[in-house]
Structure formats: C-alpha cells, structure tokens
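In: Everything below, folded, please.
(4 chains)
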Protein chains: 2
Amino acid sequence: MNLPPLIQAFVLHFGEMGSRWGINRTVGQVYAVIFLANRPVCADDLVDAVGVARSNVAMALKELQSWELIRLKHVPGERRDYYGTLDDIWAIVRKLVEQRKRREIDPTLTVLRELLMQSPASEEERFAQERMQEMHGVIELLTGWYDDIERLETERLVQLLSLGSKIVKALEWKDKLFVAKGGRGKPKAPGDGTAERP
Amino acid sequence: MNLPPLIQAFVLHFGEMGSRWGINRTVGQVYAVIFLANRPVCADDLVDAVGVARSNVAMALKELQSWELIRLKHVPGERRDYYGTLDDIWAIVRKLVEQRKRREIDPTLTVLRELLMQSPASEEERFAQERMQEMHGVIELLTGWYDDIERLETERLVQLLSLGSKIVKALEWKDKLFVAKGGRGKPKAPGDGTAERP
DNA sequence: CTGTTACTTCAGAAAATTCTGAAAATCCAG
DNA sequence: CTGGATTTTCAGAATTTTCTGAAGTAACAG
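Out: Alright, predicted model coming up:
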C-alpha cells in the first residue's frame, strides 16, 4: 500500500469498517481510494494504492458497480477503464440508503407478506402472526416515509433535516388540520404495528 | 429444528438475512424465535427450536444481549434463565437504529474528526480532506437529525412518519419564518458537506 | 494478422468466522 | 458441604468468505 498518510488512514479505516457495513475489506478500501481521489482512478492505481491482487481489485470494482456506487469514467486518450464515485455527496447517501433498503429490508417485507396471507394452525402461530403483523406495520410505515422523502430535492431534504424535531412545532400548530386531512397511511388502523404489546 | 411451519419459515428467513444484517445465522434465528414467542424462552427451548449446540445458543444470547435486543425475564419458580424481546415494536426499532448508528457510523465520525484536524501535506491530501469534510458534513447533519427525532414520543414519531413529505407543505408555508429563526445546524455554511462537487 | 495491453474468470490457497463438544465454573436446594 | 442443574468458556473442527495467480478472453494498434 502506497498512499499519503492522511489518505492511507482513511482507507485503512474504511477497510476495517467494511465487514460491519456488509462489504469486505478490499471493497471498502477500493471505494475509499476512489472517493478521495481528485481524478478518475484505474485498476492499476488501485492495485498500487491498496496492495492486493489485480483480480481482487476487479472483483471489488464489480461489487461497487453492482451497488451503483461507482461509475465508469472514460479518460480521453486512455485505453484503460477509469472509475469515479457519484459526483454529489447527497447522491451517494441516497444511493446507499436505496441499496441497503433493497438488500436488507425488501426481502423481509416480501416474506412477511407471504406469511401473513396464511392461516394460523394454532394459538402459537396466531400469536406469531400477530407479531409479524406488527413488524410488517412498522416496516411499511418507515419505507413509506422513505419513498416519500426520497423524492424531495436535496435542498428541501437538507432543510427538513436541519429543522430536526423543530418540525414538531408545526405539527402541534396544525395538529388537527393535518390529522383531519389524513397523512399518508392509516397510522391508527388495527394491526398496523403501532399497538403496544400486551 | 422443530417448529410450526409458519414460525419456521420466518425463523429460517431471519437466519438467511443474518449475514446481510451483520449478525450470524444462529443469532438471527434465535432472535426470530424469541420475537415470535408468546412467552419468555430459555436456552433449552432454543436448542430445540433452532437445532444447534447449546454453546452456540449461549453465544447467540450473549450477542443479542450486547445489542440490548433481548432481556432476561425471570419466570417464577424456574431456575433457568428466560429471555424476551423488548416489549414494544417501536422500542425495538429505536434500539436497532441506536445500535447500528453506534457500530456503523460513530467510529467513522471519530476518525473523520481526527483526520480533519491534520494539515494536508500536498494538493492530493488537501483535496482528500475536502471530501472528508463533505462526508463529515452529511453525517453530522443526519446524526444530528436523528438525535433530535429520537427523543420524540412514539405517538409523535408515528405522526411525523405518516405525514411523509406532506410535511414539506408546512416548510413551504413557514419557509422564511423557520429559516429566519434558524433550524438546528447551519445547512448553508461552507464546507458542511452540502456543496456540489466541481 | 500479430503482439501488446487490459479486463475477466475461476480453481484452489489462505484467512476469517461460526459451530461444536467437553470441561470448567456457577448456582442453588437440601 | 454435597450433588445436580445450568450457564460459560474455549480449543479445535467445520464452514464460509476472501484472496491469489494463472489461464482465458477481448480490444486494439501497428
């Protein structure tokens, strides 16, 4: 590995975090190098920078492309493939959330829907299904919120995030009005996951 | 493994998802069994339910306790340790988010802060530090929002989530007022991660 | 064509993680 | 104390994941 100290420290950290983030060390390090680079980066640069086999770099690049976190960027007059991250940091955040939702949440939502269709064959199963219903309810609420928010322009999104819970003031002022109009979804419908456990 | 079909399907799914969620199969399955159970569950029940070695169940329970996702629940007149999940599904969601933030984000925030203290020794490092600054900015904004929101009562939280992007209407109405008062943070300050990449 | 450069694939090696069974420690009842 | 029930620990086995080097494929310049 052959990088300036500041960059190397960041790259090593991304490598260590990789396993917690559901990617492996090489993928983490490769992404870090591309993220910090002020120009597109090719496979040879990466072999040099992270010090692993070329084939391993190829795998990491494939993985990062499957996440849509890096993009091919052709450099004029170069035969090799160069890669860069998404341009804007918010585009990166959006993509990360989108992909993790797709990989970590959507499959469970599908399974829950299937299992909630079936009829319980015992009291044990009936109770279990109730719990699944609760889980389904919160996931629907959270992903529904995400689907809604994700469409906002970045400027609006940043505005919203900056407000934090101050937004609740608005809710308090407009409480009855909003509730009367009905928000997205039916938060008080039975079995929507908002009920307390007995 | 010895469970009713509906429950077994859910438990197997949790096992498969385990690796994507950063826990292992046994931990996933053990949690699923406890989550669906109608009553506190002991180690023997789990050995029976998921069909792995007792020591493996003990490890899984320790792991789940370190996540604070399960709790010891003493059953009167029983010597063995019984476990249950947090009572309310929203408490579970909150705990999950809290723990994943702690494990997946906080360490990076610490490293970023350290590296941003240092002086870049080259143009390459200067640019890299700019990127780290962008990353630091978005993480601060997102975690700041989380710290704020996380304190809301569940009822308010559900209300907020149900509204989704309808809340932006409120922003639009009150736009200048809120901005004048100043939201949490300084979304337009330079180097806060909201700038576009050149 | 032919030789060079670059990317991809893949079988097996290496490393990391998970799992087990046995032994040790703990806890309580009598 | 003593004995049984229960939990914890841990070394090594089993499994899974990651990584490498070599071979294969593709693209292109001359």
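In: Help me confirm that A:Gln99 comes into contact with A:Glu63.
Out: No: using Cβ atoms under 8 Å, A:Gln99 makes no contact with A:Glu63, being 11.4 Å away. Glycine gets a C-beta too; all of them are placed from N, C-alpha and C.
In: The spatially most central residue of chain A sits in which helix or strand?
Out: For chain A, the residue nearest the mean C-alpha position is A:Val97 (1.9 Å; Cα atoms, centre = their mean). Assigned by DSSP states H and E, A:Val97 belongs to helix A:89-100.
In: How about A:Arg156?
Out: helix A:154-163.
In: Contact partners for the residue located most distally from the centre of chain A?
Out: For chain A, the largest distance from the centre (Cα atoms, centre = their mean) belongs to A:Ser122, which lies 37.6 Å off. Contacts for A:Ser122 (Cβ atoms under 8 Å, 6 or more residues apart in numbering or on different chains) come out as B:Pro4.
In: picking up where we left off before, for the record, mean pLDDT for the helix holding A:Arg156?
Out: The pLDDT scores in helix A:154-163 average 91.
In: what does stretch A:39-58 give?
Out: On average, stretch A:39-58 scores 96.
In: Endpoint to endpoint, that stretch covers what distance?
Out: Taking Cα to Cα, to the nearest Å, stretch A:39-58 runs 19 Å from one end to the other.
In: what about A:Lys73, distance to B:Arg131?
Out: 16 Å (Cβ to Cβ, to the nearest Å).
In: Of the two, give the one with the bigger neighbour count.
Out: With neighbours defined as other Cβ atoms under 10 Å in any protein chain shown, A:Lys73 and B:Arg131 compare such that B:Arg131 has more, 20 against 15.
In: is the longest helix along chain A up against chain B anywhere?
Out: When chain A is parsed with DSSP state H, its longest helix is helix A:123-149. Yes: Helix A:123-149 comes into contact with chain B (Cβ under 8 Å from any Cβ of the partner chain), by way of A:123-125, A:127-129, A:131-132, A:134-135, A:137-138, A:141-142, A:144-145, A:147-149.
In: Go ahead and build a PyMOL selection from the buried members of the residues you listed.
Out: For the buried members of those, the matching PyMOL selection, counting by 16 or more other Cβ atoms under 10 Å in any protein chain shown, is:
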select buried, chain A and resi 124+125+127+128+129+131+132+134+135+137+138+141+142+144+145+148+149
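In: from the residues of helix A:123-149 next to chain B, which are also near DNA strand D?
Out: Among these, no residue sits close to DNA strand D (Cβ under 7 Å from any atom of the strand).
In: Is A:Gly84 located within a helix, as I assumed?
Out: No: per DSSP: H, G, I helix; E, B strand; the rest coil, A:Gly84 lies outside any helix segment and is strand.
In: could you check the distance from A:Lys169 over to B:Ser162?
Out: Taken as Cβ to Cβ, the span from A:Lys169 to B:Ser162 is 17 Å.
In: more neighbours, those two?
Out: Higher neighbour count among A:Lys169 and B:Ser162: B:Ser162, with 24 against 14, using other Cβ under 10 Å.
In: Can you spell out which helices and strands pack onto the helix holding A:Arg156?
Out: Where contact means 3 or more Cβ pairs under 8 Å, 6 or more residues apart in numbering or on different chains; DSSP states H and E, helix A:154-163 is packed against helix A:89-100, helix B:123-149, helix B:167-181.
In: Tell me the residue of chain A that sits nearest DNA strand D?
Out: As assessed by Cβ to the nearest atom of the strand, DNA strand D sits closest to A:Ser55 within chain A, at 2.8 Å.
In: since we're on that residue, how many residues are nearby?
Out: If you count neighbours by other Cβ under 10 Å, A:Ser55 ends up with 10.
In: for A:Ser19, same thing?
Out: 12.
In: Pretty sure it sits against A:Arg25.
Out: Yes: at 7.1 Å, A:Ser19 counts as touching A:Arg25 under the criterion of Cβ under 8 Å.
In: what is in contact with those two at once?
Out: Common neighbours of A:Ser19 and A:Arg25, counting by Cβ under 8 Å, 6+ apart, are absent.
In: picking that back up, touching chain B at all, the helix holding A:Val97?
Out: Yes: Helix A:89-100 reaches chain B (Cβ under 8 Å from any Cβ) through A:89-90, A:93.
In: Of those, which is the most crowded?
Out: Busiest of those [other Cβ under 10 Å] is A:Ile89, holding 23 neighbours.
In: Could you check the pLDDT of the closest residue to it other than its chain neighbours?
Out: Leaving aside its chain neighbours, A:Ile89 sits nearest to B:Glu134 (4.5 Å; criterion: Cβ to Cβ, 6 or more residues apart in numbering or on different chains). You'll see B:Glu134 listed with a pLDDT of 98.
In: where in chain A is pLDDT low?
Out: Under the criterion pLDDT under 70, the flagged ranges of chain A are A:170-198.
In: can I see the domain layout of it?
Out: Domain assignment for chain A, taken from automatic domain parsing, gives A:5-85, A:89-181.
In: Now tabulate those domains in a markdown table and tack on distance to DNA strand C.
Out: Below are those laid out as a markdown table (distance: least, Cβ to the nearest atom of the strand, whole Å):
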| stretch | distance to DNA strand C |
| --- | --- |
| domain A:5-85 | 3 |
| domain A:89-181 | 15 |
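In: Adding distance to B:Met117 as columns, could you present these in JSON lines?
Out: JSON lines is the format used below for the domains of chain A (distance: least, Cβ to Cβ, whole Å):
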{"stretch": "domain A:5-85", "distance to B:Met117": "10"}
{"stretch": "domain A:89-181", "distance to B:Met117": "20"}
